[in-house]
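Chemist: After the sequence you'll find the predicted model.
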Amino acid sequence: MMAIMTEERLPDAAEVARLVQDVVPGVHAADVRPIGEGGDHASWWVGPDHVARCALDSGGSERLRRELALRELVGERTGIPVPVSVASGDWARGRAFTLDTRLGGVSAELRAVPAAGEDDLTRLLVQLAQVPVVEAEALGVPPEAPRNMPGLLRRASAAAETVAARGEFDAGWLPRLSVRGAEAATAPATLVHNDLKGEHLLVAEDGRVSGVLDWTDAVTGDAAEDVAGLAISVGAVAAVRIATAAGFDRGACARALQLARCDTLTLLSDRLGGRDDSPLPLLRTQLRRAWEPTVLDGPEEK
């Protein structure tokens, strides 16, 4: 498929329509609607059945191409529902695109995940751990060392003061920040989605997880990162329940909660300080979810 040459800018709807017209006959610019822009790609709905994603730079292109190979591996190895690319290439010199099938369901930010969906998320964690790390890394998935917990705690503690002063955080919750057993937890490296936000989880009307999107940030490393993602997506209580059912021990669950709570404090502090442009209501909701009291927080917090 011929690439579209362009200057340093995003393609517009007409360009996207021309790019995919061999696969979606009769598509017009009016059929191409922007979904929104991410950090390294722009996305559009293309008619009712497809999604187009275009990388904005060479780094985003590398991650997008790697994602296509990784999704194929994940789908074949695990059966996890992921988008399928029906066309791919460069939309401009050195900048990749993919046209994907559109999966059913809506974002987990818009639809609650019931017990049936929790079972699917448990299987997701189990299945990711079963993907051979060597196969993922052969596709270019980078290894990533576990994050430094003492440093995260220092930054989060400072952020807590800022956020509490703005009336965005109950300082009485602060004892939950350091979860017993978190810093001593260790585990073998596994394939990690590494961005399990609610927007990347699709939930069908019956509550089942119908899709897991955006694998561009995948790494091999600390599986607690995915449990931390679930804590901000479906809540700390559900995340601990899901991870425990998937075989995570207490230490790994504690580490995940601590990661999620550190992240939600620092991200909200950055947003309030003008250093981040994430939607403020979403960051507030994610903080509330991650700071739910769980059985790991001690008798006084149950």
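Modeler: Received the coordinates, thanks.

Chemist: Could you point out the helix or strand that follows the host helix or strand of Arg255?
Modeler: Using DSSP states H and E, Arg255 sits within helix 250-272. Tracing the chain C-terminally past helix 250-272 and defining elements by DSSP H and E, one meets helix 280-290 next.

Chemist: Pull out the buried positions in that following helix.
Modeler: When burial is assessed from 16 or more other Cβ atoms under 10 Å, helix 280-290 yields the following buried residues: Leu282, Leu283, Arg284, Thr285, Gln286, Leu287, Arg289, Ala290. All C-beta atoms are positioned from the backbone trio N, CA, C, and that covers glycine.

Chemist: residue contacts, the fourth one?
Modeler: Contacts here follow Cβ atoms under 8 Å, 6 or more residues apart in numbering; on that basis Thr285 touches Glu109.

Chemist: swap in the first one?
Modeler: With contacts defined as Cβ under 8 Å, 6+ apart, Leu282 is in contact with Glu109.

Chemist: okay, now the domains of the chain?
Modeler: Following automatic domain parsing, one finds the domains of the chain at 13-101, 106-301.

Chemist: JSON lines for these, including mean pLDDT?
Modeler: Shown next, in JSON lines, are the domains of the chain (pLDDT from 0 to 100):
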{"stretch": "domain 13-101", "mean pLDDT": "91"}
{"stretch": "domain 106-301", "mean pLDDT": "95"}
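
Chemist: Not counting residues beside it along the chain, what's closest to Leu267?
Modeler: If you skip the residues right next to it in sequence, Leu267 has Leu283 as its closest partner in space, 5.7 Å away by Cβ to Cβ, 6 or more residues apart in numbering.

Chemist: for that neighbour, what are its contacts?
Modeler: When contacts are counted by Cβ under 8 Å, 6+ apart, Leu283 is found next to Thr264, Leu267, Leu268, Arg271.

Chemist: what about burial for the residues you listed, which qualify?
Modeler: With burial judged by 16+ other Cβ under 10 Å, the buried subset of those is Thr264, Leu267, Leu268, Arg271.

Chemist: which pair in these spans the largest distance?
Modeler: Maximum pairwise distance in the buried ones among the contacts of Leu283, criterion Cβ to Cβ, is 10.6 Å, between Thr264 and Arg271.

Chemist: Can you pull up the most central residue in this structure?
Modeler: Asp195 (2.3 Å; Cα atoms, centre = their mean).

Chemist: Using the three-state scheme, assign the closest residue to that residue other than its chain neighbours.
Modeler: With sequence-adjacent residues excluded and distances taken as Cβ to Cβ, 6+ apart, Asp195 is closest to Asp217, at 4.4 Å. Here Asp217 is recorded as coil under DSSP: H, G, I helix; E, B strand; the rest coil.

Chemist: distance of Asp217 from Ala92?
Modeler: Counting by Cβ to Cβ, to the nearest Å, the gap from Asp217 to Ala92 is 23 Å.

Chemist: One more: Leu257?
Modeler: 43 Å.

Chemist: My understanding was that Lys48 contacts Arg102; is that so?
Modeler: Rather than Lys, residue 48 is Pro. Yes - the criterion here is Cβ atoms under 8 Å, and Pro48 meets it with Arg102 at 7.3 Å.

Chemist: Those two: which is more packed in?
Modeler: Arg102 (14 against 7; other Cβ atoms under 10 Å).

Chemist: thinking the more buried one is in contact with Trp45, fair?
Modeler: Yes - counting by Cβ under 8 Å, Arg102 does reach Trp45; the two are 7.4 Å apart.
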